[in-house]
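> okay, sequence plus prediction incoming.
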Amino acid sequence: MSRHELEAIGSDAATREDIAKILNCFYLYTDKEEQSVGQWLSKNGFWESWITSWMTKNIKPGYICLDVGANYGYYTRVMEFLSGKNGLVYYIEANPELVELINKSINDYPLNKAKVIGHSFAASDNNGKINLSISSKYIGGSTIVFGQPLPSSIESSLWDREIEVDCKTIDSLNIDKINVIKMDIEGAEYLAWKGMQKTLENTDIIVLEIGSYCPIEFIDDIYAKYEVNQINHNGDEIPITKEEIYNLNDLVMAVLRKKIDK
C-alpha cells in the first residue's frame, strides 16, 4: 500500500483521543498530549507512513517478526496485522510504562491475528541492570546511552527522570528464526547489535535506524556483511553508500539483507 493511501486511511479514522484508532484497523492506548509519537498517533492515526508502506510490501502472512524499541506498540501491531493468524510477533520495550500500555492495547482490542509475545527490557550487549533516561514530553526518545551522540534533538532541560531497568541481549531470547527485525532504540543500536549476533544468523531482513551518530565500526560491520538500502519517502528501497551514512545530517531507516556469496 502506498504512503499516501495509508495517510488518508489513518487520518480519516483518527480519534484525537488517548485511545488512537490506527489505520482504521486496530487501537492503541497512547497519550495525546505527549509531544512526539503519542500526539501524532492520536491526531493522525498513523506513524512514519513511508516505513509502514514498506512493511505492507514486505511482511507476509506467517512471518515471524521482532520489534525492538516498540514505543506505544505501533509497529508491533502493524506486524501483528500483516503476519496474520499463522504469524508470530515479539516486541522489546525498555520503558515499563509503555509495556503496560502495549499489553493493554493488545488485550482490550484483540486483532485475532498473529500471536504477540512482549519483553520488558533494554536491548544491550549484556544482561543486568541499566539506567533509562526519559523525557516525559518525548517519551519515545527514552535512551540507555544518554550523554552519547543521540539521533534525537531533545533539549537537555527536557530530560526529567531516570529509572533503572533490566537490560538483556537479544540472543538471550533464543529465537530460532526471524523474518523481519525492526530496531529503533535511540542511539543504542550498536549495543543491541553486539548482543544479537547469534540471532542475526537466522534473520532474513533487518530494518534499522542509522545515521552519522553511529560508531564507524558499527557502520563498517554492517556494510561488510549486508546489502544496504534506505527506505525513501515513498516506502521503496534505494541504495545508500557507507560514505553517505557517514555524512548524513539526519537519520534513515536502512534495510539490511545478507550478502550472497558469488
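Arrived safely, thanks for sending.
> using PDB, write out the CA atom coordinates for the lengthiest helix in the chain.
Longest helix of the chain, by residue count under DSSP state H: helix 96-108. Coordinates of each C-alpha in helix 96-108 appear next as PDB, following Å, rounded to 0.1, in the frame of the first residue of the first chain:
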ATOM      1  CA  PRO A  96       7.700  -0.400  31.700                       C
ATOM      2  CA  GLU A  97       5.000   2.300  31.400                       C
ATOM      3  CA  LEU A  98       4.900   1.800  27.600                       C
ATOM      4  CA  VAL A  99       5.000  -2.000  28.000                       C
ATOM      5  CA  GLU A 100       1.800  -1.700  30.200                       C
ATOM      6  CA  LEU A 101       0.100   0.300  27.500                       C
ATOM      7  CA  ILE A 102       1.100  -2.100  24.700                       C
ATOM      8  CA  ASN A 103      -0.200  -5.100  26.600                       C
ATOM      9  CA  LYS A 104      -3.400  -3.300  27.500                       C
ATOM     10  CA  SER A 105      -3.900  -2.400  23.800                       C
ATOM     11  CA  ILE A 106      -3.500  -6.000  22.700                       C
ATOM     12  CA  ASN A 107      -5.700  -7.400  25.500                       C
ATOM     13  CA  ASP A 108      -8.500  -4.900  25.200                       C
END
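> which SSE is immediately downstream of it?
Once the chain leaves helix 96-108, the next helix or strand it forms, by DSSP states H and E, is strand 115-120.
> what about the closest residue to D18 other than its chain neighbours, neighbour count?
Leaving aside its chain neighbours, D18 sits nearest to K32 (5.4 Å; criterion: C-beta to C-beta, 6 or more residues apart in numbering). C-beta here means a position set from N, CA and C on the backbone, and glycine is covered the same way. Around K32 there are 16 other residues, counting by other C-beta atoms under 10 Å.
> repeat that for the one 5 residues further on.
Using other C-beta under 10 Å, V37 has 21 neighbouring residues.
> pretty sure it is touching N71, no?
Yes: counting by C-beta atoms under 8 Å, V37 does reach N71; the two are 5.5 Å apart.
> any residues in contact with both of these two?
G140 (C-beta atoms under 8 Å, 6 or more residues apart in numbering).
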